[in-house]
Structure formats: structure tokens, C-alpha cells
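Peer 1: Just to be clear, the model below is a prediction. Sequence and coordinates:
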Amino acid sequence: QVQLVESGGGSVQAGESLRLSCVASGSISSINTISWHRQAPGKQREFVASISVNGWTHYADSVKGLFTISGDFARNPVSLQMNNLKPDDTGTYYCKAETRAYGDFYWGRGTRVTVSS
């Protein structure tokens with residue numbers, strides 16, 4: 001079992017930055033990948049960025065060059081640095097952990113981000 005707690009959300013103006021954190025606990029050694037996803041009101045949840053246990057990162061095209069994911073699971077929270085935020089970045093941001101077991105994953109409860117124009 002893995003537990004995830006997100007923090008760092010808030011309300012900002014367009015062009016400002018936020019840093020989200022995802023703290024994992026429980027069977028941390030079983031985690032293979034941690035990713036961030038977001039869900040805007042009335043829309044489906046979408047992938048934002050991921051980082052694997054060996055440090056490989058992957059980003060959605062919409063956030064490349066603007067968002068940076070970092071962290072090493074066990075010692076440091078997995079963070080999502082979000083720069084030059086836009087109103088389209090508004091939504092609830094969720095942290096997801098995937099373990100090495102096929103199909104085994106966990107979600108946090110999310111942290112809300114609101115970007116005003």
C-alpha cells in the first residue's frame with residue numbers, strides 16, 4: 001500500500017508560479033513511477049508529468065518548458081514546479097504512484113490550482 005498527500009495548490013494570477021508537492025508513504029520501495037495529473041471542471045483527468053525511479057521524466061506537450069517534475073520518492077517529495085501559469089492550467093492536481101506490480105497504482109486526494117486572468 002502507498003499513501004500520497006498533495007500540497008501547494010492555491011489561487012494565482014496568470015504568469016505566476018506554483019510549486020506542488022507529493023509526499024509518499026507506505027511501501028515506497030515498491031514505487032516505479034510517480035506522476036501528476038489534472039482535472040479541470042467538467043473535463044477528463046489528463047496526464048501532466050511523470051518521473052520514474054531512475055529519474056526519467058516525461059511531460060505532456062502542453063506543459064513542456066513550463067513545468068518541471070523532480071524528486072526521488074523516498075528522501076524528497078516529488079514536486080511539480082509550474083511557471084508562467086495560464087487560466088487553462090486551472091484544475092485539481094492529483095499525484096499518482098505506480099508500483100512494479102502490473103496494474104497496481106494509487107491516487108492522492110488532489111490539490112486545487114486556480115489561475116485567474
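Peer 2: Right, received. Where do you want to start?

Peer 1: spatially speaking, which residue is in the middle of this protein?
Peer 2: For the chain, W36 is the residue whose C-alpha lies nearest the centre (Cα atoms, centre = their mean; 2.5 Å).

Peer 1: what lines up beside the strand or helix carrying it in the sheet?
Peer 2: For W36, the element it lies in under DSSP states H and E is strand 31-39. Paired neighbours of strand 31-39 in the sheet (DSSP bridges): strand 46-52 (antiparallel), strand 91-99 (antiparallel).

Peer 1: Show the subsequent helix or strand relative to the last one.
Peer 2: Sequence-wise, the next helix or strand beyond strand 91-99 is strand 105-107, with elements assigned using DSSP H and E.

Peer 1: Against which helices or strands is that following strand packed?
Peer 2: strand 2-7, strand 91-99 (3 or more Cβ pairs under 8 Å, 6 or more residues apart in numbering; DSSP states H and E). For glycine as for every other residue, the C-beta is placed from the backbone atoms N, C-alpha and C.

Peer 1: Could you look over the ones you listed and pick the most buried one?
Peer 2: strand 91-99 (a mean of 21; mean count of other Cβ atoms under 10 Å).

Peer 1: Can you report phi and psi for P41?
Peer 2: Dihedral pair for P41: phi -60, psi 130, per degrees, to the nearest 10.

Peer 1: And S62, by the same measure?
Peer 2: Backbone torsions for S62, taken as degrees, to the nearest 10, come to phi -70, psi -20.
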